[in-house]
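>>> Sequence plus predicted model, see below.
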Amino acid sequence: MQTKWWLGVLTAAVLILPNVAAADEHGHGHGRDKHHDRDDDRDDDHGHRRYRYNDHDRDEIRGWYRDHDGHLPPGLAKRDRLPPGLERQLQVRGTLPPGLRRKMVSCPVELERRLPPPPPGYGNFAIGGHIVLVNRSNFLVLDVFHIER
């Protein structure tokens, strides 16, 4: 009986240890440096990497906006500004309500080229004078950049 118990414990240890070692190799183990090259990358409460626009990205957005101020595309033009009620609903780590989803416009290609690629499943969109990093399937907002006029 005792031999079977030890054999079970040994088998469980053999099965579990390779998974723990693999987790450490991918940066999920304790004691690993979770910071990456981007200034504002952080891990959220569940250990997933959270992408944000860093200072360089924000400077690129401002520069693109200045270069195109006279002929802005839909979603970024002054007439596309959000009313205060919808503006308050545009929050980091929130979900876009249906009213804001209808106002989503793909980020202009020239601006998209200036920004680092978004994480898989996410995209940069223009919404009422903002550039927003949004999950395409569940509409989770990772970051919002308000373009000052």
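Arrived safely, thanks for sending.

>>> From now on I want contacts and neighbour counts done on CA atoms only, so please keep to that.
Noted.

>>> Can you list the low-confidence ranges for this structure?
In the predicted model of the chain, residues 1, 5-50, 149 satisfy pLDDT under 70.

>>> hang on, isn't Phe125 packed against Val134?
Yes. The pair Phe125 / Val134 is scored as a contact, 7.2 Å apart, by C-alpha atoms under 8 Å.

>>> Who has more neighbours out of the two?
The residue with more neighbours, out of Phe125 and Val134, is Val134; 26 against 22, by other C-alpha atoms under 10 Å.

>>> now the more buried one: how far from Gln91?
11 Å (C-alpha to C-alpha, to the nearest Å).

>>> what sits in contact with each of the two?
141, 143 (C-alpha atoms under 8 Å, 6 or more residues apart in numbering).

>>> So which residues of the protein form helices?
Here the chain has its helices, by DSSP state H, at 2-25, 55-67, 84-89, 98-101, 109-114.

>>> Which other helices and strands does the last one contact?
Counting contacts by 3 or more C-alpha pairs under 8 Å, 6 or more residues apart in numbering; DSSP states H and E, helix 109-114 is packed against helix 55-67.

>>> Enumerate the positions of the helix it packs on that are buried.
Neighbour-count burial for helix 55-67 flags 57-58, 60-62, 64-65 (criterion: 16 or more other C-alpha atoms under 10 Å).

>>> Could you do stretch 64-82 as well?
Buried residues in stretch 64-82, counted by 16+ other C-alpha under 10 Å: 64-65, 74-77, 80, 82.

>>> for those residues, which one is nearest Pro120?
Pro120 has its nearest neighbour among the buried residues of stretch 64-82 in Gly75, at 23.0 Å by C-alpha to C-alpha.

>>> what about Pro108, how many residues close to it?
Neighbours of Pro108 under the rule other C-alpha under 10 Å: 17.

>>> Kindly confirm whether my reading is correct that Leu76 touches Val132.
No. Judged on C-alpha under 8 Å, Leu76 makes no contact with Val132 at a distance of 11.4 Å.

>>> Could you list the domains of the protein?
Per automatic domain parsing, the structural domains of the chain span 1-32, 40-146.
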